[in-house]
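> build me a model:
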Amino acid sequence: MAIRALAAKAHGRGPVVPKVPALWAVAGVGCLAAASTMALAVSSDQASEPGIHAALLDWLILSYIFSGLVAWRRRPESRFGLLMVIAGLVIALNALRWADAALLQTVGSLVNFLPAAVFLHVYLAFPTGYLQRGRERALVIATYVTAVALQCLGMMLGGFGPGHVLEIVHAPDAAEAVLRTQLVVLSALMLAGVAALSRKRAGRPVRRSVELLVDSFMAALVMIAVLFATGLFNQSSAVVPIQRVTFFILGLAPIAFLIGLLHARLARSAVADLVVELRADPGPAELRGALSRAVRDESLLLLYWIPEYDGWADADGRPVSLADLAEHGSTTLIDRGGQHVAALVHDPALDDESELLEAVAAAAGLALENGRLQVELHARLDDLKGSRARLVEAGDSERRRLERNLHDGAQQRLVALALGLSMVSRRLVPDSEEERMLAAARKDLAASLQELRELAQGIHPAVLTYGLGVALQSVATRAGLPVKLSVDVDGPLPPAVEVAAYYLVCEALTNVTKYASASCASVDVTRHDGQLVVQVADDGVGGADADGGSGLRGLADRVEALDGTLRVLSPSAMGTTVRAEIPFARA
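Residues are numbered from 1 along each chain as shown. This is a model prediction of the structure:
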C-alpha cells in the first residue's frame, strides 16, 4: 500500500538531514553556552541575584537547544527544530551584556530584545518551521526590525549606559523615548502573535498535544507583553519577579513540544488496538472512528474514491471535493495497487508523523477497501433512488397531461355531441322509431361519457384538489363493497405523498373487489412519527402474492421512491392487509 501526503510546502529545497556528530557538536555548544552564561552572571556585578537569573537563562537555553535537536533529528524536513536551536543560542548571546569587554557588552545589549522576536518566529512557524501566511511573515519581520533596528538606534543615542561602542551622541532623553517606543511596539506585536495563534486553532478541533503546545506558546507571548509593559511604566519592583515568571513559562514551550513527541510515539502503539478493532469488520462510519482514535485526531475525516464517478465520497456516499476541504487540514491519499482507495483529511500536525500514518494505513488496508466498496454501493443506491423518483415523477406528469387532454378534448366533444342529440330529439315525433333510436344513442353516449370521466379520474386524481379525505371517500363509495374509511390527517401533505396514498387505496380496493371474495374492507390513514401510515384490510380469502402482480409492484416502487416501505400480509383464509409507511415533511 502506498501513502502520499498532499500537505503544502512553503519551500522548494529538500530536507537537511543532520549527521549524528553534528548534533553532538551542537549539543556541546549548547552546554558550553549554558556554562558561559552561568560564569558571566556569577562574575558580573551588573545582575542582582545572578545565580537565579543565570539558572533561568540556562533553563531556556538548554530546553530550546535540546528539544530542537530532538525535533531536528526526528523530522529533518521540518525547520522547526532548527529554529528552536537558534532560539536557544540567541538567548545565550543575551548574557554577553554582563561581560567585561566593551565589544561583548555591545553585542549582548544589541540582542537584548532579539529573543522576543525569535520566540514569536518559532511559535508562528509551528509545525513546519515556515511561516505560511503573509500576515505572519509581516508580523515577524516587524518584530525583528523593532527588536534590532530600534535597539541599535537607542544605543547610538547613548542608551544602555556608557559601556558599549555604538554610542555616537549622548542624548539620554531621546534614547529613553526610543526605548519606550520599542516596548510599546513589541508589546503590541506579541499580542498580535497571540491573536494569530488563536486564529490557527479556531474553527475546528485539534489534537490535545497540539492544543497544549499552542496554549504554551500563547501564554509565553502574553508574559513577554506583560514584561515589556511593566518596564514601560517603570515598575522596577515588579520587573524582576515578572521576568522570572516569564522565563519559566517560556521554558515550558519546549517541554510541551517534547510531550507532543511522546504523545505521537504512544499513538503508534495504538495501531495494535486498531488491528483488534478491525477484526469486527467495521462499516465506513465505525472505521473513521477507529482511525481517529489510532492517530488521536478527533477532526479526522475519511473519504473514499469512487472510480465510477471519478471523485470522492463520504461514508454516506455523498460526493465531496478535496479542494473544498483544503482549509480543514492536510490531506493524505491512500493507494492500493496503484489506485486510489481512500483519503484522510487530518490535523496538519500529523504531517510530521508520516510513519504513524503509514502504519495506520497498512493496518486498515483491507478494511478501507471494504469500506470503499460499501460507500460505492451507497452512492449507486442513491442514484437508483433518484432515478426511480424521477421515473415516478415523469409518469405522474404524463398522467396529468393525458387527463388534461381527455378532459379538454374528447370529453368536451362528447358533451357537445350529447347536447346536439338532445336538441335533435326535441324536433322528432314523440315515441317514433327515430326518437327511440336517438334516445338509445344518447344513453350509450352518456355511458361512454361516464366511463371516460372515470378513466380520466383514474389517470390522474383531480379530486385530490379537495384533499386526501374527500378523494378517498369517493374511492370508497365506488368500491362495490362496504368500506369503512378512517382518515386522520391533520394538515396538508406533500403532493407526491397524497398521490401515492390515493393510488395505493385504489389498487388495493380493486384487488379486494376482484380477487378477495371479501364481504367488507377497511381503510385507515394516519400520521405517526413523521410518517403517513396507509392500511387497507379485508376479510377475504387471503393468499395474495405481493410480488405476483404488476399493480402492487408498481405501488411498491412508488412508495419506495419516497423512502417508504410497503408490506403485504395475506395468510390463507385470514384476509389481506396492505400497509404502507411513507415519510414526509410538513407541507
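> make it CA atoms for all contacts and neighbour counts henceforth
OK.
> look up how far L322 lies from A313.
10 Å (Cα to Cα, to the nearest Å).
> neighbour count winner among those two?
Higher neighbour count among A313 and L322: A313, with 25 against 16, using other Cα atoms under 10 Å.
> quick check: bridge partners of the residue lying closest to D314 once chain neighbours are set aside?
Nearest residue to D314 in three dimensions, chain neighbours excluded: L303, at 4.9 Å (Cα to Cα, 6 or more residues apart in numbering). Counting by DSSP bridges, L303 forms beta bridges with A343.
> three-state assignment of V523?
strand (DSSP: H, G, I helix; E, B strand; the rest coil).
> before we move on, what about the one 10 residues further on?
Reduced to three states with three-state DSSP, the structure at V533 is strand.
> helix/strand/coil for H170?
Using three-state DSSP, the structure places H170 in coil.
> that one against G154, yeah?
No. Taking contacts as Cα atoms under 8 Å, H170 lies outside contact range of G154: 10.2 Å.
> ok, those two, which is more surrounded?
Just comparing H170 and G154: by other Cα under 10 Å the higher neighbour count belongs to G154, 24 against 15.
> ok so, going back, contacting residues around the residue nearest to D314?
312-315, 320, 342-345 (Cα atoms under 8 Å, 6 or more residues apart in numbering).
> from those residues, which one has the minimum pLDDT?
Within those, A315 has the lowest pLDDT, namely 71.
> quick one: it and Y304 touch, right?
Yes. With contact defined as Cα under 8 Å, A315 reaches Y304; the gap is 7.5 Å.
> in terms of neighbours, single out the busier of those two.
Neighbour count, other Cα under 10 Å: between A315 and Y304, Y304 has more, with 29 against 23.
> look up how far D100 lies from that one.
67 Å.
> what's the following helix or strand after the least confident helix or strand in the chain by mean pLDDT?
The weakest-scoring helix or strand in the chain, judged by mean pLDDT, DSSP states H and E, is strand 2-5 (a mean of 52). Using DSSP states H and E, the next helix or strand after strand 2-5 towards the C-terminus is helix 20-43.
> need the next SSE after that following helix, C-terminal direction.
helix 50-74.
> tell me where the protein has strands.
All strands of the chain, identified by DSSP state E, fall at 2-5, 301-306, 311-313, 319-320, 330-336, 339-346, 483-488, 521-528, 531-538, 565-569, 577-583.
> buried deepest among these, which one?
Comparing the strands of the chain by mean neighbour count (mean count of other Cα atoms under 10 Å), strand 301-306 comes out on top with a mean of 25.
> what mean pLDDT does that strand get?
The average pLDDT within strand 301-306 is 78.
> go on, stretch 174-181?
For stretch 174-181, the mean confidence score works out to 90.
> now that stretch - C-alpha only, PDB.
The C-alpha trace of stretch 174-181 is given here as PDB (Å, rounded to 0.1, in the frame of the first residue of the first chain):
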ATOM      1  CA  ALA A 174      16.000  60.600  23.000                       C
ATOM      2  CA  ALA A 175      17.300  57.200  23.900                       C
ATOM      3  CA  GLU A 176      14.600  56.800  26.600                       C
ATOM      4  CA  ALA A 177      11.900  57.800  24.000                       C
ATOM      5  CA  VAL A 178      13.200  55.200  21.600                       C
ATOM      6  CA  LEU A 179      13.100  52.600  24.400                       C
ATOM      7  CA  ARG A 180       9.600  53.400  25.300                       C
ATOM      8  CA  THR A 181       8.500  53.200  21.600                       C
END
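> contacts for that stretch?
Residues outside stretch 174-181 that contact it (Cα under 8 Å, 6+ apart): 150-151, 153-155, 157-159, 232.
> grab the nearest non-local neighbour of D490.
R527 (7.8 Å).
> tell me the spacing between the one you found and D488.
Following Cα to Cα, the distance that separates R527 from D488 is 7 Å.
> flag the shaky bits of the stretch 451-587 of the chain, pLDDT-wise.
Along the stretch 451-587 of the chain, the parts satisfying pLDDT under 70 run over 451-463, 545-551, 554, 585-587.
> show me what counts as buried in stretch 36-54.
Within stretch 36-54, the residues that count as buried by 16 or more other Cα atoms under 10 Å are 36-42, 50, 53-54.
> which residues outside that stretch are in contact with it?
Under Cα under 8 Å, 6+ apart, the answer for stretch 36-54 is 55, 57-58, 92, 95-96, 98-100, 244.
> among these, name the buried ones.
Looks like the contacts of stretch 36-54 have 55, 57-58, 92, 95-96, 98-99, 244 buried, using 16+ other Cα under 10 Å.
> now the two most distant members of those residues.
Using Cα to Cα, the buried ones among the contacts of stretch 36-54 reach their maximum pairwise distance at A99 and R244, which is 21.1 Å.
> for stretch 348-367, give the mean pLDDT please.
On average, stretch 348-367 scores 67.
> right, and R288 touches L301 too?
Yes. Applying Cα under 8 Å as the test, R288 and L301 come out as touching, 7.0 Å apart.
> and for the residue lying closest to A256 once chain neighbours are set aside, the neighbour number?
With sequence-adjacent residues excluded and distances taken as Cα to Cα, 6+ apart, A256 is closest to L213, at 5.2 Å. Number of residues near L213 (other Cα under 10 Å) recorded here: 23.
> and L213, how far from I168?
Note on L213: its distance to I168, by Cα to Cα, is 44 Å.
> need the contact list for the nearest residue to A171 once chain neighbours are set aside.
In space, and not counting its chain neighbours, A171 is closest to L157: 5.1 Å by Cα to Cα, 6+ apart. Shown in contact with L157 (Cα under 8 Å, 6+ apart): 167-172, 174-175.
> pLDDT at L157, what is it?
Looking at L157, its pLDDT reads 85.
> please report phi then psi for it.
With angles defined as degrees, to the nearest 10, L157 sits at phi -90, psi 10.
> that one and A101: what is the separation?
Going from L157 to A101 by Cα to Cα gives 20 Å.
> thinking again about what came up before, Y130: which of the buried residues of stretch 36-54 is nearest?
Distance to Y130 across the buried residues of stretch 36-54 (Cα to Cα) is lowest for T37, with 29.6 Å.
> so who does V533 touch?
With Cα under 8 Å, 6+ apart, V533 has these contacts: 524-527, 579-582.
> between the residues you listed, which is closest to A192?
Using Cα to Cα, the contacts of V533 come closest to A192 at I582, 56.5 Å.
> pLDDT weak spots in the stretch 101-250 of the chain?
Applying pLDDT under 70 to the stretch 101-250 of the chain picks out residues 160-164, 201-210, 234-237.
> which stretches of it form helices?
Counting by DSSP state H, counting those that start in this stretch, the stretch 101-250 of the chain has these helices, from start to end: 102-110, 114-124, 134-144, 150-156, 172-201, 208-232, 236-250.
> so which of those helices is nearest P494?
That would be helix 172-201 among those, by Cα to Cα, at 44.3 Å.
> in that closest one, what counts as buried?
Buried residues in helix 172-201 (16+ other Cα under 10 Å): 172, 175-176, 178-180, 182-194, 196-197.
> domains of this structure?
Domain assignment for the chain by automatic domain parsing gives 19-263, 264-378, 382-459, 463-583.
> now the end-to-end length of stretch 477-493.
23 Å.
> can you list contacts of it?
Counting by Cα under 8 Å, 6+ apart, residues outside stretch 477-493 touching it are 467, 469, 472-473, 476, 509-510, 513, 519-527, 584-587.
> one more pass at 7 Å, please.
Stretch 477-493 is contacted by residues 469, 476, 509, 513, 519-527, 586-587 when judged by Cα atoms under 7 Å, 6 or more residues apart in numbering.
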